[in-house]
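In: Sequence and computational prediction follow.
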Amino acid sequence: MTEAGKARLRNVICDLCILAVAAVFLYAAQSKIIEPRQFVFDVKNYRMVPEELLHLVALFLPWVEVGAAIALIIPATRRAGAILIIGMLLMFIAAVSYAALYKGYNISCGCFGKGSASAGIKTIAMDTGLILATIIGLLPRKSVAKSGFPVVEGELANEA
C-alpha cells in the first residue's frame, strides 16, 4: 500500500471512530429523552444522586450527550466534544464500578433506556472501547501533498 493510501485509510478509520461514538451517544440520548421517567428510575438505582436532583440529572444529562455527540462530529468543535464524551464515559465507569461492582447492586446500566443490559464489567468494557475510539478519532488527519507523501494537517503542504 502506498503512503497516500495509508494516509487515506487512517483518515477513514479516524472518521469512522468519530461517527460511531457520536452515533452511540445520540442513540443512547434519544431513548432517555423519549422516556425520562425510566431514566430517573435508572439513575435512582445507582443510589449516588440525591433524591432532589434526580429529575434534574435525568432531564439534563441526555441533552449533554446530544450536544457532545454533535460537537464531536463538527471538526471545529471535535476536541470539546471529545472532552465531554470522555468525561462522561469516565463518570459512567466510576458509577458502574461503585454501584454494581463495589456495592453489588443488581441494576440496569441505563445506557440505552428500558431494557438496557445489567451494569457490570461488560458496561465498563463498552465504555472503555468508546474512550479508545474517541481518542483514535482525534488522531491528526493526514492529507496527501503534491509529492504524493502524507502531510499532517496544519503542516506546510504548499512547499512542493
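Out: All right, it came through fine.

In: element containing residue 95?
Out: Here residue 95 is covered by helix 78-96, with elements defined by DSSP states H and E.

In: Check the offset of that helix from the chain's centre.
Out: Taking Cα atoms, centre = their mean, to the nearest Å, one finds the center of helix 78-96 at 7 Å from the center of the full chain.

In: got it, and stretch 77-95?
Out: For stretch 77-95, the distance to the chain centre is 6 Å (Cα atoms, centre = their mean).

In: Also stretch 24-38?
Out: In terms of Cα atoms, centre = their mean, the gap separating the centre of stretch 24-38 from the centre of its chain is 14 Å.

In: cool, stretch 107-118 as well?
Out: Distance, centroid of stretch 107-118 to centroid of chain: 17 Å (Cα atoms, centre = their mean).

In: any low-confidence regions in the protein?
Out: Within the chain, the ranges that satisfy pLDDT under 70 run 144-160.

In: What about residue 99, how many residues nearby?
Out: By the measure other Cβ atoms under 10 Å, the count of residues near residue 99 is 20. To be clear about C-beta, it is placed using only N, CA and C from the backbone, and glycine gets the same treatment.

In: Stretch 73-93: which residues count as buried?
Out: 73, 78, 81-82, 84-86, 88-89, 92-93 (16 or more other Cβ atoms under 10 Å).

In: For those, work out which two are farthest apart.
Out: Across these, the longest distance by Cβ to Cβ is 23.2 Å; it joins 73 and 93.

In: ok, now which ones touch residue 81?
Out: 22, 67-74 (Cβ atoms under 8 Å, 6 or more residues apart in numbering).

In: With respect to residue 115, which of those residues is nearest?
Out: Nearest to residue 115 among those: residue 69, at 21.2 Å, using Cβ to Cβ.

In: doesn't residue 124 make contact with residue 93?
Out: Yes. The pair residue 93 / residue 124 is scored as a contact, 5.4 Å apart, by Cβ atoms under 8 Å.

In: related to what we said a few turns ago, which of the contacts of residue 81 ranks first by neighbour count?
Out: Top of these by neighbour count (other Cβ under 10 Å): residue 72, with 27 neighbours.

In: Pull the contacting residues for residue 84.
Out: Applying Cβ under 8 Å, 6+ apart to residue 84 gives the contacts 64, 67-68, 71.

In: The residues you listed into a markdown table, with extra columns for secondary structure?
Out: Output for the contacts of residue 84, formatted as a markdown table (DSSP: H, G, I helix; E, B strand; the rest coil):
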| residue | secondary structure |
| --- | --- |
| 64 | helix |
| 67 | helix |
| 68 | helix |
| 71 | helix |
